[in-house]
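Student: Next input, structure requested:
(4 chains)
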There are 2 protein chains.
Amino acid sequence: MPGGPGAKLKDVAALAGVSVGTVSNVLNRPEQVSPDKRNRVLAAIDELGFVRNESARSLRSGSTRSLGMLVLDVRNPFFTDVAMGAENVAEDHKHSLILANSAEDSGREQAYLDLFEQQRVQGILITPFGQVLERLETMRSRGIPSVLVDRLARTDQFCSVSVDDVAGGKAALAHLLDVGSVRPAFVGGPFTLQQVEDRYRGAAEAAERAGVPIQLFETPDLKFDRGRQVGDLISKLEAAVRPDAVFAANDQLALGLLQSFAANGVRVPEDIAIVGFDDIDFASQSSIPLTSISQPRQLIGERAAELLFDEINDQPGHVHSQVVFTPELVARQSTRRR
Amino acid sequence: MPGGPGAKLKDVAALAGVSVGTVSNVLNRPEQVSPDKRNRVLAAIDELGFVRNESARSLRSGSTRSLGMLVLDVRNPFFTDVAMGAENVAEDHKHSLILANSAEDSGREQAYLDLFEQQRVQGILITPFGQVLERLETMRSRGIPSVLVDRLARTDQFCSVSVDDVAGGKAALAHLLDVGSVRPAFVGGPFTLQQVEDRYRGAAEAAERAGVPIQLFETPDLKFDRGRQVGDLISKLEAAVRPDAVFAANDQLALGLLQSFAANGVRVPEDIAIVGFDDIDFASQSSIPLTSISQPRQLIGERAAELLFDEINDQPGHVHSQVVFTPELVARQSTRRR
DNA sequence: CCTTTGTAATGAATCGATTCATTTGTGAAC
DNA sequence: GTTCACAAATGAATCGATTCATTACAAAGG
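Tutor: Numbers count the residues shown, from 1 in each chain, chains lettered A, B, ... in the order given. Reported below is the predicted structural model:
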């Protein structure tokens, strides 16, 4: 069973007493080989511990069996969930997914695209960070298509899978009003992030429609610590002017707010209700379970991978499409009606 | 700049008016090429948009520039942090890291090892799930070494990087006693997991040394929901017999306990103190920040990758070594002295 | 002026699997 | 008995870069 290190196709053929072409056929089109020889070949493979050399395979055949996926931050559970969805679809197509992390760094982003190009991946799933759309178009013209993930393609040059953040923002604020808020606030930023912009816009629309003003607390990023800072700020306001509900642009911020409020004796939801966005696992696992806007993370990854395979296989006839999911509000204790 | 799709080395050579060997040298040993030709070649590469074919490169040269990493669960922030550490080291060595997720499934684990073998990765970082040590030894004998991550190698056949869970357990319980606990409990399971076993053993030793009995709540897994279930159970106990402190085998469980206690009106830390294990981000981000045992996650990944490169480069002279980090207790509000 | 030494450059052979045009073999049909 | 159709098997050519033995050339030494 062990076999010497590095048996090759030729060795298998010799041991099985067949030609190399036949061994190759057993590997790639077993149904075209007579059962007799097929078994002999399989036995030889087993005996020699033969493992096909993927480099040689893809060099000759001209195509690899892999996709590249480039995300903004592997540490964010949102992206690992999306990646798992994509991976499952890739697996169905007998492809493997190479997961890379641009870590919100243009240099790394470019480096990984270089790598994908050298490896001749069949296609790329990407949450773009820097200015890469032009390069992606070039890559497509050279035979490597890509699909934008968690980001709506403005042009019709790409397929994309994203979530309707405006609708999400609207739902969040509508819910807050519904549980009785009269002084809602929005916490988030920077507004250069399309998602923050959209979520705020949705919330503002809903507020305006109800004739309620909305306070704005802008943050330089979406991390936990910012949430805590803003929370400390809000806690110090006089009860008469203090918001009675907060919509945070993501769950990290919301958790920061929650921790600050707990530390400052502001009760949630009695004094202030909170809605987050993303519905990461830890939203529901917080001491006070957090109401949040839930995105179909795994589904996003699946659809993106499906679109990509569609483009890979269909090539000329492919029409780009933009899939937009509508997120859903999941009500929990942090907005329980007072 | 765009260039036709798929320029190859030969085309570059033709355009630059040099031989293919020279172009290859520019790519691999630029210092051995005269500046004049080097520049002409680089210009040609740029003009044609040439991208080297990694399959051809590694087929001929006999070695790839990649490592495989196989973790138990990409969704667990612990592993993504470890992976980031490993990735950084791989990058320093101009290698790329292929991250794969066995998702605690033996089938997937085997499938990814197949893949790594076919891709001829230079080495493998793995948190084993099923019975794979024997296979890993076979793979090493065929030229693909591996390092065990977050798991102590019992044999001296492997390098490994892990954490001293016994010491961690000891520290956790010592801390609880230190803040005044007289009826501590341990929550976790199954005990077939080496880590659970070790953490409990450490805690039990510390308790025994102090002459304090320790209650045991065994769970079938380490997930959040189990923590909540056990929490509900504990909350219902009469105050006189109820534990006054809990050491949870990981942070997920601890967060579950915390949520349950909050819901049942059991105050933390006044009524019950809690210590977790792993110190994931969400431990500190909980409403009541959680005391936890912190592991140097990134460092674990870095050291593991370094050991792997050591073995890859040193081959015959390599001596396997077991790196064991001692975890550190980070005290937070959940164990604040009453 | 010839030889030696060393650096640059060359290009044919090579890595290991796949492909495909060709050959071989088998049974059915006439 | 011969022909035909079709399935199975063959093996040389091929993918694109790297390698390395060889050649070309220049400078230095005698």
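Student: where exactly do the strands run in the stretch 1-150 of chain A?
Tutor: A:66-71, A:96-101, A:123-126, A:146-149 (DSSP state E, counting those that start in this stretch).
Student: now for the third one, which elements pack on it?
Tutor: Where contact means 3 or more CB pairs under 8 Å, 6 or more residues apart in numbering or on different chains; DSSP states H and E, strand A:123-126 is packed against strand A:66-71, helix A:133-141, strand A:146-149, helix A:297-314. The way it works is simple: take the backbone N, C-alpha and C, and place the C-beta from them, glycine included.
Student: counting contacts, what elements does the shortest one pack onto?
Tutor: With contacts taken as 3+ CB pairs under 8 Å, 6+ apart, strand A:146-149 sits against strand A:123-126, helix A:133-141, strand A:159-163, helix A:297-314.
Student: What are the contacting residues of it?
Tutor: For strand A:146-149, contacts defined as CB atoms under 8 Å, 6 or more residues apart in numbering or on different chains pick out A:71, A:82, A:123-128, A:136, A:139-140, A:158-162, A:300-301, A:304-305, A:307-308, A:311.
Student: What residue in chain A comes nearest to DNA strand D?
Tutor: Taking CB to the nearest atom of the strand, DNA strand D has its nearest neighbour within chain A at A:Gly21, 2.4 Å off.
Student: What confidence value was assigned to that residue?
Tutor: We have a pLDDT of 94 for A:Gly21.
Student: How much space separates it from A:Arg29?
Tutor: Distance of A:Gly21 to A:Arg29, computed by CB to CB, to the nearest Å: 11 Å.
Student: do A:Arg336 as well
Tutor: Distance from A:Arg336 to A:Arg29, by CB to CB: 61 Å.
Student: before we move on, what about A:Leu148?
Tutor: Distance from A:Leu148 to A:Arg29, by CB to CB: 36 Å.
Student: Next up, the contacts around A:Phe282.
Tutor: So, once contact is read as CB under 8 Å, 6+ apart, A:Phe282 ends up touching A:Pro77, A:Asp251, A:Leu255, B:Leu255, B:Phe282, B:Gln285.
Student: Also A:Ala262?
Tutor: Per CB under 8 Å, 6+ apart, neighbours of A:Ala262: A:Val268, A:Ser287, A:Ile288, B:Ser287, B:Ile288.
Student: quick check: mean pLDDT across the host helix or strand of it?
Tutor: Element membership of A:Ala262 [criterion: DSSP states H and E] is helix A:251-263. Over the span of helix A:251-263, the pLDDT mean works out to 97.
Student: Then stretch A:174-187?
Tutor: For stretch A:174-187, the mean per-residue pLDDT is 97.
Student: mind checking which of the helices and strands packed on strand A:146-149 is nearest DNA strand C?
Tutor: So among those, helix A:297-314 is nearest, using CB to the nearest atom of the strand, at 15.2 Å.
Student: Show me what the closest one is packed against.
Tutor: helix A:77-92, strand A:123-126, strand A:146-149, strand A:159-163, strand A:322-325.
Student: Mean pLDDT and mean neighbour count for those - can I get that in JSON lines?
Tutor: What follows is the helices and strands packed on helix A:297-314, written out as JSON lines (pLDDT from 0 to 100; neighbours: other CB atoms under 10 Å in any protein chain shown):
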{"stretch": "helix A:77-92", "mean pLDDT": "94", "mean neighbour count": "22"}
{"stretch": "strand A:123-126", "mean pLDDT": "98", "mean neighbour count": "26"}
{"stretch": "strand A:146-149", "mean pLDDT": "97", "mean neighbour count": "28"}
{"stretch": "strand A:159-163", "mean pLDDT": "96", "mean neighbour count": "25"}
{"stretch": "strand A:322-325", "mean pLDDT": "96", "mean neighbour count": "15"}
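Student: could the ones you listed go into TSV alongside distance to DNA strand D?
Tutor: Listed next are the helices and strands packed on helix A:297-314 as TSV, based on distance: least, CB to the nearest atom of the strand, whole Å:
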stretch	distance to DNA strand D
helix A:77-92	24
strand A:123-126	19
strand A:146-149	21
strand A:159-163	27
strand A:322-325	34
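Student: Please name whichever of the ones you listed is nearest to B:Glu109.
Tutor: Closest approach to B:Glu109 among the helices and strands packed on helix A:297-314 (CB to CB): helix A:77-92, 13.7 Å.
Student: How far off centre is the closest one?
Tutor: 8 Å (CA atoms, centre = their mean, to the nearest Å).
Student: So it, near chain B or not?
Tutor: Yes - on the criterion CB under 8 Å from any CB of the partner chain, helix A:77-92 is in touch with chain B at A:Pro77, A:Thr80, A:Asp81, A:Ala83, A:Met84, A:Glu87.
Student: B:Val74 is in contact with the second one, correct?
Tutor: To tie it back to what came earlier, the one meant is A:Thr80. Yes - judged on CB atoms under 8 Å, A:Thr80 makes contact with B:Val74 at a distance of 5.0 Å.
Student: what sits in contact with each of these two?
Tutor: A:Val74, B:Thr80.
Student: what about A:Val323, distance to A:Asp310?
Tutor: Taking CB to CB, one finds A:Val323 at 11 Å from A:Asp310.
Student: and for those two, which residues touch both?
Tutor: In contact with both A:Val323 and A:Asp310: A:Cys159, using CB under 8 Å, 6+ apart.
Student: What's the separation between A:Gln285 and A:Glu270?
Tutor: In terms of CB to CB, A:Gln285 sits 21 Å off from A:Glu270.
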